[in-house]
Each structure stands twice: as structure tokens, then as C-alpha cells.
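In: Based on what follows, work out the 3D shape:
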Amino acid sequence: MGYHIGLDFGTTNSIVSYWQDGKLEAFQYGGENGEKYVPSFIAYDDGFVEIGKAARTTAANHPEVPSYGNFKMDLPLDDQFSNRYNSPKTPQSVTTDYLRELLLSSDNSYSFQAQQGPIAGLVVSVPEIWQRDISNRGRERLQTVIAQHLGLEDQLIQLVSEPVAAAAYYAWESQHRQPKTQQPPFEGNVLVCDMGGGTFDVSLCRVYGDNKVEVLYFDGQGDRGLESAGVAFDRRCVRLAYEQKHGRSPDEQSTEFLNLLQQFEDVKISGHQKYSKKISNYFKAPNDLATTILYSFNGYRLNHKQVQEAFAPIAEGIQRVMGQVTTWLKENNTSCDRLFFVGGFCQFLLVQHTITESLGSDLTPDKIERQFNSIDSAFAISYGACLIANGLVQPSETYIHSLGIVVQSVDQETIEVRDKEITLVQGGTNLDDLASVKFAEIPPLASFQVNEPLKLTLWIDPNSQGKILKQDLNDSVQLPQASPEDKWRVGMRVNRSQIAYLVVESLCGRKHQEYELGNIIAKVFPGFVLFE
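Out: Take a look at the predicted model:
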């Protein structure tokens, strides 16, 4: 026995939810008076590991103590983490320690396992952008952390995109509210807009009355050094306020700046309703209210004009994404029947205003979901992941990239040796159809020398747009020891977490080797790459 849980592993905060007595429950880290919204922050104090608010407090009062925040968005990247922190730790090791304390630690009486009980199943949400990044290292590295470093390989059901998890919750909740509202359960296309601390992602999902969710389209604004969402906004606001007061730029790694960031975030969140009303009034008379103070924190002030300045780069990213959404809707003669805001920063009025303005005539007021309060929206991703973990909602997702291998064939007329591209994963295929290995329909590979690398060429078509790139696998694929008479076949599969594998198997089936393709594919690209 045990719990099947959903984890919204966020850039700034994380939420764990579980199913009990027919209800969704948000886990309180710290017991009865604990926190459901656990900061994704960790501190290492003389061999003792702290997470959440306690870690932030330690970091604020003891700047010499190593501490880390926003580490999730470093998982797909390579050099930024060590350069920023000058630390031997990696995003993987910090993520492992954080999730162990949150979920499993027997030494920590606040962990989920210590408070609630064993974990039998786990679904973890990840940014939609990690699906479109062809190298897919964020997903692979998080899967490695959970399955291998935390020992939850048998419990990990899947990694699911954050807006898809939110759509699963929306489908479930709208159906279960029907007896109270006397309205028929929602069926149609819901556009989930998810903006948190690190990214802005959208998914257009078809919701059916039987708790089925089909992903029709997804898009988002890629991350470049956390310049695309809530973390970047907070930093810009504090930077502007500091420069205004002191006439110079702050040291953004200093304890003073980090404390100011925390104070600004606390003020912004605790006064959310008040500031939303002020911003709403500003929209009505922007020229008159431009210099009116909006935020005050620890002797620092920001007026509406400065807040708009801090938000401008984020607004540009939102407008770009929403422009692509409206283009897709028109080209596919598809409608957006409902708009659902999720993620902490998506509750910010400037974000909602920019999204709705960008959709223009495609969006009428009745299409904006208002029945879900800010708590429902903030927990939507974790709740959706929990519903998927318990088999109560099953999203239907596709893998968008095309993959295959290159083999040499002989032209029978010219007797010339030519490269032939064999498709093993066709972009746009449902994940359920890619779970089993598809092998190349070619003669088996010849026997090989023991311990010699297998000579293969991988080809990749990101987003299946016809832009094929190739990568030799001569140094990447090492077959297991076998007899010289063995022959091999090559195939691929994609798991429910959208992670692709190259599979090499002996014809007799006694030897079977798999390789995750993310790190191999990454050799083709200079870094975190998206093909628009």
C-alpha cells in the first residue's frame, strides 16, 4: 500500500498532493501548521540540510551558509550553475537533496513519507518547454534524479507537462462541480496558460466528458537565464528600486539583494488583491497614475511606470507566444472555448491582461475561467499530476520529433553505396504507440568485435519540420559482450515521460541495451535549442 502522489516541482515553489478518502489533498510540509507552498530553496548548514522557508531564513541570517534557489531551470543546462554559485554541487545533486528532504527523508520528520506514509506512485510535472527542447536533458536528468538517485524507479509513473497536468485537473474538477452548479460538465478546447517563476507555457487541450484530455497544441517562451517569468520580474523590480534609492546598481549575489528579493516577493503575494485593484485602476487612467506608488517594501518604492518597465520584456514574450497560438487556431480552424490561468505568476493582473489582449477578438469575456479561485489555480498542476498518478484522468499526448538511423544500402543498378534514412519514431505519434520498441526493418547488423563501439548514425528532425540533422554514434553506443556469431537489430522507443531511447538487441533476445538519446542528441546543438 501507499500513496500515489502528484508533485509540482516548481522554479520558486513546489506542491505535493495526494488522494485520500475520495478527495484531493495538498500536503503540508511541516505538519499541521506547515506550508503547502514549499519554496524550492535549499541550504546546507554544517552537514544539516534545510529546505523551504527554513532554508531561506538560514540563508538570510547566515550568508556564509551555502544555499541554492531556482535550481530546477538549471537542470537542462551545463555551465551556468557552477559559474553562478562557484560550487562543486550540480543542479542534479541539489535537486536530489531537495526532493529527498521533501518526499523521503527518514531523518526529516516533515517529509511526506515521515508524515503521511510510503509513496507507491509518483507523477511529476515539468515545463512544457522541456518537451520541445529536442535534447530533452531537463526531463532525462530529472528522471535520473527520481529513479536512480532517490531510488523511486518503480514508483515513477511519468513526467507530465505542467499545463497538461492543469488541464487534467480542470477536466476533473469541472465535471465534479456539475451537481453544485447545475451546469453541464465542460467539453471543448481549454487553453491552459501557465506562468510561474521560470517559464511561460501554453497548451490547448480537448476536454471530453469522461475525464479524457487530448493535447492539440502547445507552445511557450523558452528560458534564457530566468528572463521569462516571475523570477526575472522580481529581480528587475528590486533592481529598479535599488538604483532609484542609491544611484547605483546592486550586487545581485549579495545577501542584501537576496533579502530585498524575499521582502518584495512577500509584499507582492500578501497584498495580491490590493495591488490587483490598483493595477486595474491604472489601466483606466495610465497617464494620470503612472507616477503613483504601487509597491513599497523596506524603504524602497516602485511606481506603476517602473513596474511596467520591469514587466515589458515578459510582455513581449507573452505576445510572441500568443501570436503563434492565434495563428495556429486560424490555420487549423479551431476555437479556444475556455481560458484557464495557472501558475503563481499567472495570477498577476499584468500577465492576465497581456494574455487576453494578445488573443484579441478570439477571446470573449465568457470564455475566461473565473470559477476557479487563486488557490485552485495555484494547486491545479499538482492536483492534475495526482489525478494522473491515480489513474483518474488519462491525458493523450504525442511525441513531436522524428528520429531514425542512417544505414548504407547498395543501388542494384549503379552498384553505388548510398545512405538510407530509416524512420524509427515518427513525429506526431501518440505516446502509447511508442511505448514498445519499433525496430528497423532491415537486415540485422553484422557481427562485431567485442568491446568495440557500434558504428551507427542517428538522424534527428526537430518538431518534424524537415530539418534533418545527423550525429555519428561511434563513441556513444557500446554493445554488451557476446559471441562473435551474434547479430543485432536497432530500434527506438519513447516512454510516457517523452524520453527517447535507442535500443540495440540481439536477434535471439538474450542481450538488450538501451541508451537515452537526450545527451547524445545534445552533441548536435550548441545548448538549449528550440526550433520555432
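
In: okay, CA-based contacts and neighbour counts for the rest of this
Out: OK.

In: which element follows the worst-scoring helix or strand of the chain on mean pLDDT toward the C-terminus?
Out: In the chain, no helix or strand scores lower on mean pLDDT, DSSP states H and E than helix 178-181, which sits at a mean of 64. Downstream of helix 178-181, the next assigned helix or strand under DSSP states H and E is strand 188-195.

In: Next, the residues that contact that following strand from outside, please.
Out: 162-164, 166-167, 200-208, 229-230, 335-346 (C-alpha atoms under 8 Å, 6 or more residues apart in numbering).

In: Narrow those to those in helices?
Out: With helices identified by DSSP state H, the entries of the contacts of strand 188-195 that belong to them are 162-164, 166-167, 230.

In: Buried members of the residues you listed into ChimeraX, please.
Out: A single ChimeraX command suffices to select whichever of the ones in helices among the contacts of strand 188-195 are buried according to 16 or more other C-alpha atoms under 10 Å:
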select :162,163,164,166,167,230
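
In: so who does residue 490 touch?
Out: By C-alpha under 8 Å, 6+ apart, residue 490 lies in contact with 439-440, 502-505.

In: for the stretch 151-300 of the chain, what spans make up the helices?
Out: Counting by DSSP state H, counting those that start in this stretch, the stretch 151-300 of the chain has helices at residues 162-176, 178-181, 230-246, 255-270, 272-284, 286-289.

In: Which single one of the ones in helices among the contacts of strand 188-195 is nearest to residue 523?
Out: Within the set of these, residue 162 lies nearest residue 523; the separation is 27.0 Å, counting by C-alpha to C-alpha.

In: Could you grab the helix/strand/coil label for residue 113?
Out: helix (DSSP: H, G, I helix; E, B strand; the rest coil).

In: Against residue 75, how distant is the closest residue in space to residue 252 that isn't next to it in sequence?
Out: Counting by C-alpha to C-alpha, 6 or more residues apart in numbering, the nearest residue to residue 252 once its immediate chain neighbours are dropped is residue 258, at 7.1 Å. Noted for residue 258: a distance of 22 Å to residue 75, by C-alpha to C-alpha, to the nearest Å.

In: next one: residue 157
Out: When C-alpha to C-alpha is applied, the distance between residue 157 and residue 75 equals 20 Å.

In: Now residue 430, what are its backbone angles?
Out: Geometry field for residue 430 lists phi and psi as phi -60, psi 140, criterion degrees, to the nearest 10.

In: Quick check: beta-bridge partners of it?
Out: On DSSP bridges, the residues paired with residue 430 through beta bridges are residue 398.

In: Counting neighbours, what do you get for it?
Out: Neighbour count for residue 430, taken as other C-alpha atoms under 10 Å: 16.

In: can you give me the helices for the stretch 351-500 of the chain?
Out: If you assign secondary structure with DSSP H, counting those that start in this stretch, the helices in the stretch 351-500 of the chain sit at 374-389, 431-434.

In: where does the stretch 101-250 of the chain have low pLDDT?
Out: When residues are selected by pLDDT under 70, those of the stretch 101-250 of the chain lie in 135-136, 178-182, 221-228.

In: let's see it at 50
Out: Screening the stretch 101-250 of the chain residue by residue with the criterion pLDDT under 50, one finds the ranges 223-226.

In: ok now do the residue lying closest to residue 491 once chain neighbours are set aside, which residues does it touch?
Out: Nearest in space to residue 491, with sequence neighbours left out and distances taken as C-alpha to C-alpha, 6+ apart, is residue 439 at 3.8 Å. Applying C-alpha under 8 Å, 6+ apart, we find residue 439 in contact with 424, 489-492.

In: For residue 58, what is the enclosing helix or strand?
Out: Secondary structure here is read from DSSP H and E; on that basis residue 58 sits in helix 52-61.

In: If you count contacts, what does that helix end up packed against?
Out: Helix 52-61 sits against strand 38-39, strand 41-45, helix 255-270, with contacts defined as 3 or more C-alpha pairs under 8 Å, 6 or more residues apart in numbering; DSSP states H and E.

In: how many other residues sit next to residue 253?
Out: Residue 253 has 10 neighbouring residues, counting by other C-alpha under 10 Å.

In: mind checking how far it is from residue 287?
Out: 35 Å.

In: And for residue 492?
Out: For residue 492, the distance to residue 287 (C-alpha to C-alpha) stands at 59 Å.

In: Which one's more surrounded, the two?
Out: For the pair residue 492 and residue 287, the greater number of neighbours falls to residue 492 (26 against 10), based on other C-alpha under 10 Å.

In: Setting aside sequence neighbours, what's the nearest residue to the more buried one?
Out: Closest residue to residue 492 in three dimensions, ignoring its sequence neighbours and counting by C-alpha to C-alpha, 6+ apart: residue 502, at 4.7 Å.

In: Take the helices of the stretch 351-500 of the chain and write them to a markdown table, including mean pLDDT, distance to residue 239 and mean neighbour count.
Out: Converted to a markdown table, the helices of the stretch 351-500 of the chain look like this (pLDDT from 0 to 100; distance: least, C-alpha to C-alpha, whole Å; neighbours: other C-alpha atoms under 10 Å):
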| stretch | mean pLDDT | distance to residue 239 | mean neighbour count |
| --- | --- | --- | --- |
| helix 374-389 | 89 | 27 | 26 |
| helix 431-434 | 93 | 44 | 17 |
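
In: Out of those, the one nearest residue 364 is which?
Out: When the helices of the stretch 351-500 of the chain are compared by C-alpha to C-alpha, helix 374-389 sits nearest residue 364, at 20.3 Å.

In: Show me what that closest one packs onto, helices and strands only.
Out: Applying 3+ C-alpha pairs under 8 Å, 6+ apart, we find helix 374-389 packed against strand 3-9, strand 13-20, strand 23-26, strand 119-126, helix 162-176, strand 338-342.

In: For the second one, which strands pair with it and how are they oriented?
Out: Here the strand partners of strand 13-20, with direction, are listed using DSSP bridges: strand 3-9 (antiparallel), strand 23-26 (antiparallel), strand 38-39 (antiparallel).

In: so which of these is the most packed in?
Out: Per-residue neighbour counts averaged over each of those give the maximum for strand 3-9, namely a mean of 26 (mean count of other C-alpha atoms under 10 Å).

In: Pull out the C-alpha coordinates of that strand and format them as PDB.
Out: Coordinates of the C-alpha atoms in strand 3-9 are reproduced here as PDB (Å, rounded to 0.1, in the frame of the first residue of the first chain):
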ATOM      1  CA  TYR A   3       0.100   6.900  -1.800                       C
ATOM      2  CA  HIS A   4       0.000   7.800  -5.400                       C
ATOM      3  CA  ILE A   5       1.100  11.500  -5.400                       C
ATOM      4  CA  GLY A   6       1.500  14.400  -7.700                       C
ATOM      5  CA  LEU A   7       4.500  16.700  -7.400                       C
ATOM      6  CA  ASP A   8       4.500  20.200  -9.000                       C
ATOM      7  CA  PHE A   9       8.300  20.700  -8.800                       C
END
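
In: quick check: angle from it to helix 162-176?
Out: Orientation check (axes from the mean of the first three to the mean of the last three C-alpha atoms, to 10 degrees): strand 3-9 against helix 162-176 gives 130 degrees.

In: And residue 47, its phi and psi?
Out: The phi/psi pair for residue 47 (degrees, to the nearest 10) reads phi 90, psi -10.

In: For it, the count of nearby residues, please.
Out: Counted by other C-alpha under 10 Å, the residues lying close to residue 47 total 7.

In: Spit out the contact partners of the closest residue in space to residue 248 that isn't next to it in sequence.
Out: Taking C-alpha to C-alpha, 6+ apart, and ignoring the residues beside it in sequence, residue 248 has residue 242 as its nearest neighbour in space, at 7.5 Å. Contact analysis of residue 242 by C-alpha under 8 Å, 6+ apart lists 248-250, 300.
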